[in-house]
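K.L.:
I would like the atomic coordinates for the input below:
(2 chains)
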Amino acid sequence: MVAADSEGPSDPGVRMFRRQRSIPLRGSAAALSNNLSVLQLPVCNLTHFGVVHGPSAQLLSVAPEGVPLAQRQLHAKEGAGVSSPLITQVHWCALPFRVLLVLTSHRGIQMYESDGSVMVYWHALDSRDASPVQAMFARGIASCGHFICVGMWSGRVLVFDIPAKGPNIVLSEELAGHPTSVTDIASEPAQEQDCMADVVTADDSGLLCVWRSGPEFKLLTRIPGFGVPCTSVQLWKGIAAVGYGNGQVRLYETSTGALHVQINAHARAICALDLAPEVGKLLSAAEDTFVHIWKLSKRTESGCTEPSLPQVEHCHGECVPDTQVCGARFCDPSGSSFAVTGYDLAEILTFSSE
Amino acid sequence: MSVRALPLLFLNLGGEMLYILDQRLRAQNIPGDKARRDEWTEVDRKRVLHDIILTMFNKSFIEELLKPQELYSKKALRTIYDRLAHASIMKLNQASMDKLYDLMTMALKYQVLLCPRPKDVLLVTFNHLDTIKGLIQDNPALLHLVDETLRQLIEVYGGLSAGEFQLIRQTLLTFFQDLHIRVSLFLKDKVQNSNGRFVLPVSGPVPWGIEVPGLIRMFDNKGEEVRRVEFPHGGNYVTAPKEGSFEVYGDRVLKLGTNMYSVNRPVETHTSGTSKNLSSQAQQSIAPNPLAKEELNFLAKLMGGMEIKKTSGPEPGFRLNLFTTDEEEEQAALTRPEELSHEVVNIQATQDQQRNQELARIMGEFEVMDQPRWSASKGDDLLAMMDEL
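P.N.:
Numbering: from 1, shown residues only, chains lettered A, B, ... in the order given. Predicted coordinates for the structure are as follows:
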């Protein structure tokens, strides 16, 4: 069982996406969720990739056709503890005037200039908050305007205020909203109406918190879980696309908290979701070795004044044989190429439909 | 990562070790009356298993193990199993111990990777404990020890959330990252590819609590379902038949963690050309301080209770060879790739005299069977010839 297309030419032999050249990694990818970050730099025709190996993370610069140009390894900052600290996530945050690379670990939060060359900020996890029965870590990273939000094992979300340049980063707020460990955070540029949500945070219990960012973040809605961890979340036009540990993808309208779409998408836990916002494409990847691509749209019920209903269509499915996928991202704004990482795999697999 | 992963790692690896030793010893089983003085008998086999199980399930050992703590390094774990394997009259050379550990770790890696749900790692553990109980049916005291451990596991893990189990699974997979030793049994059964990676099937039952993929359901603003669409999901799945039992006794349903070794299937490992990612392995073995101070303390505490079996006689112990011949064992030792060397640290567990006396006292409270007096002629130059089939 390999690829399965729902659209495209009726000839079953013609596939929409083809495997491209793999990008070799120095170290294999760790079994984490959301274990791939991509920074697209169309201006210089480069793509940056970030993958967590364990106590280190690898950054790669890649030219078109998958030719690797440069690589750098970053390590989790040491601290008290038995073993070397493990990194939980690496993610590029695009802010209005700069791009920062954020690295979360079991010791704290490290922020770098986008090429990873200089650490501009370090925030250590507060060991006074430590519980003996739970491991401490930071996990879940998203930028929103000039803020960067990072989730914690305790359920708190730290909001950092980032200046246009320089290292004067300040912890602006600590959001309390989650009873269990944060798993992922998503954001989108603020929409037309003032009251639209622009940040969604998710946790291990499956609970989602919908926020409006600002000097003081405001909690707008809480969408309850159902006993299954939420592993990955994306936000598109006020729709929260959520991946769960039971292989489901759900779409919620953030203004009402209503569930509009439920997809039995995968046979194992979802490890990553990604969006190509300009075209409304959603990518879901799971530990079942599959990656699926979906087309999101909003449809208004005729004569209805309520928010339009999210719709979804399946576009493409890809099987990555014998690979427990741990990260997946679109590599271009039109969603015509994507990259995948897998546990124990020392390469980034790339697929393109062009 | 998770502070609850160590007990599951330890007990499952220990279980695999017992399966392999049991198979090896059975394969060499000579009827008692016909055995020469230097051959393994049924009595010897039972003795070895009994001693190891007694040590492994020691009450204070298990209590110490179940405390929330980080996973220790590969070196530290390997050191414990070295001691455990030598808790009895049996001796293993370095090459055999390496092979034993390779088999143990690859088997558990396979089981953790193939677990349908993260929580099923607990069922794998229960399978190991159930099978261990099967090996000691004639020993009520030992059975009680294992049952006690089962109860404690249920107490500690029964209340954990799905998210916490997911973290445990990720922690265990991190421990096994980059190990690609090929195991002949796995290759033959087609669960492992020739590149050392395990086969992940895309057919069969979905995990309990997961729906078969392929359905999209859409709802309106009132929550009414307005549309259903199927999509081609690429796999060939069916619904799960039933859930395994998490009680002390019950049908686990899952087969992972049961004994896959049988007397007639010799198991080989292939270490050459497997490890492509040298950087991660190398970084671990060339560290100037092989074990952190905390790890040493932990090991000293645990292994203080392992010094119970002192066989009498000038040359204690029989040697068990995990290879077919002595020559093969020697050859394996010489050709083992550098990056796979399991360095073992010699720990003087007698550092803390008072503590060890206390632990020794606790150990002494258990019923210990009479130790047979081994005659000096049963030296340690034993050959275990296995019949090739």
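
K.L.:
what ranges of the stretch 201-350 of chain B fall below the confidence cut-off?
P.N.:
B:262-267, B:271-317, B:338-350 (pLDDT under 70).

K.L.:
ok, which residues in the stretch 151-300 of chain A are in contact with chain B?
P.N.:
A:180-181, A:183, A:203-205, A:227-229, A:231, A:245-248, A:253, A:256, A:258-269, A:288-290, A:292 (C-beta under 8 Å from any C-beta of the partner chain). Where C-beta positions appear, they are placed from N, C-alpha and C, glycine not excepted.

K.L.:
In helices only, show me those residues.
P.N.:
Secondary structure defined by DSSP state H assigns none of these to helices.

K.L.:
Mark which of those are part of strands, please.
P.N.:
Among those, the members falling in strands (DSSP state E) are A:183, A:203, A:231, A:248, A:253, A:258-264, A:290, A:292.

K.L.:
Please indicate which of the residues of the stretch 151-300 of chain A next to chain B are buried?
P.N.:
A:180-181, A:183, A:203-205, A:228-229, A:231, A:245-248, A:253, A:258-269, A:288-290, A:292 (16 or more other C-beta atoms under 10 Å in any protein chain shown).

K.L.:
so how far is B:Q331 from B:T325?
P.N.:
9 Å (C-beta to C-beta, to the nearest Å).

K.L.:
Oh, that last question was meant for A:G151, not what I typed.
P.N.:
52 Å.

K.L.:
Which one's more surrounded, those two?
P.N.:
The neighbour count for A:G151 versus B:Q331, taken as other C-beta atoms under 10 Å in any protein chain shown, is higher for A:G151 (28 against 13).

K.L.:
mind listing what the more buried one touches?
P.N.:
With contact taken as C-beta atoms under 8 Å, 6 or more residues apart in numbering or on different chains, A:G151 is in contact with A:138-141, A:157-158, A:178, A:181-185, A:201, A:203.

K.L.:
buried sites along the helix or strand containing it?
P.N.:
Element membership for A:G151 (DSSP states H and E) is strand A:147-152. Going by neighbour count (16+ other C-beta under 10 Å), the buried part of strand A:147-152 is A:F147, A:I148, A:C149, A:V150, A:G151, A:M152.

K.L.:
Would you format these as CSV with pLDDT included?
P.N.:
Below are the buried residues of strand A:147-152 laid out as CSV (pLDDT from 0 to 100):
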residue, pLDDT
A:F147, 96
A:I148, 97
A:C149, 98
A:V150, 98
A:G151, 98
A:M152, 96
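
K.L.:
between these, which is closest to chain B?
P.N.:
Of all those, chain B sits closest to A:G151, with 12.6 Å by C-beta to the nearest C-beta.

K.L.:
Could you find the closest non-adjacent residue to the closest one?
P.N.:
A:V182 (2.6 Å; C-beta to C-beta, 6 or more residues apart in numbering or on different chains).

K.L.:
Return the residues in contact with that neighbour.
P.N.:
A:R139, A:G140, A:G151, A:M152, A:W153, A:G155, A:R156, A:V157, A:T201, A:A202, A:D203.

K.L.:
Please point out which parts of the helix or strand that contains B:L150 sit buried.
P.N.:
According to DSSP H and E, B:L150 maps onto helix B:140-157. Neighbour-count burial for helix B:140-157, counted by 16+ other C-beta under 10 Å, picks out B:L142, B:L145, B:V146, B:T149, B:L150, B:Q152, B:L153, B:V156, B:Y157.

K.L.:
same check, this time on stretch A:31-51
P.N.:
Applying 16+ other C-beta under 10 Å to stretch A:31-51 flags A:31-39, A:47-51 as buried.

K.L.:
hmm, which two among these are most spread apart?
P.N.:
A:A31 and A:T47 (24.0 Å; C-beta to C-beta).

K.L.:
what about the strands in the stretch 201-350 of chain B?
P.N.:
Remark: strands assigned in the stretch 201-350 of chain B by DSSP state E, counting those that start in this stretch are B:203-205, B:215-219, B:225-230, B:236-238, B:269-270, B:318-319.

K.L.:
Over to the stretch 251-354 of chain A?
P.N.:
A:258-264, A:270-276, A:281-286, A:290-299, A:309-319, A:325-330, A:337-342, A:347-352.

K.L.:
Tell me where the model's unsure across the stretch 51-200 of chain A.
P.N.:
A:79-83, A:191-195.

K.L.:
At which residues are the strands of it located?
P.N.:
Counting by DSSP E, counting those that start in this stretch, the strands of the stretch 51-200 of chain A are A:56-63, A:67-75, A:87-94, A:99-105, A:108-113, A:119-124, A:138-144, A:147-152, A:157-161, A:170-175, A:182-187, A:199-203.

K.L.:
Briefly note if the fifth one comes near chain B.
P.N.:
No. Against chain B, strand A:108-113 shows no contacts by C-beta under 8 Å from any C-beta, the least distance being 15.4 Å.

K.L.:
and that strand, which residues are buried?
P.N.:
Those would be A:G108, A:I109, A:Q110, A:M111, A:Y112, for strand A:108-113 by 16+ other C-beta under 10 Å.

K.L.:
surely the third one meets A:M119?
P.N.:
This means A:Q110. Yes. Under the criterion of C-beta atoms under 8 Å, A:Q110 makes contact with A:M119 at 5.8 Å.

K.L.:
The residue lying closest to B:G14 once chain neighbours are set aside and B:T131: what is the separation?
P.N.:
Nearest residue to B:G14, sequence neighbours excluded (C-beta to C-beta, 6+ apart): B:M56, at 5.1 Å. For B:M56, the distance to B:T131 (C-beta to C-beta) stands at 13 Å.

K.L.:
returning to what we had before: farthest pair in the buried residues of strand A:147-152?
P.N.:
A:F147 and A:M152 (15.7 Å).

K.L.:
how many other residues sit next to B:G134?
P.N.:
B:G134: 10 neighbours (other C-beta under 10 Å).

K.L.:
B:H270 - how many residues pack around it?
P.N.:
For B:H270, using other C-beta under 10 Å, the count is 15.

K.L.:
Tabulate the strands of the stretch 251-354 of chain A (a markdown table), appending distance to B:R45 and mean pLDDT.
P.N.:
As requested, those are arranged in a markdown table below (distance: least, C-beta to C-beta, whole Å; pLDDT from 0 to 100):
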| stretch | distance to B:R45 | mean pLDDT |
| --- | --- | --- |
| strand A:258-264 | 49 | 96 |
| strand A:270-276 | 44 | 97 |
| strand A:281-286 | 44 | 98 |
| strand A:290-299 | 46 | 92 |
| strand A:309-319 | 45 | 93 |
| strand A:325-330 | 42 | 98 |
| strand A:337-342 | 42 | 97 |
| strand A:347-352 | 46 | 96 |
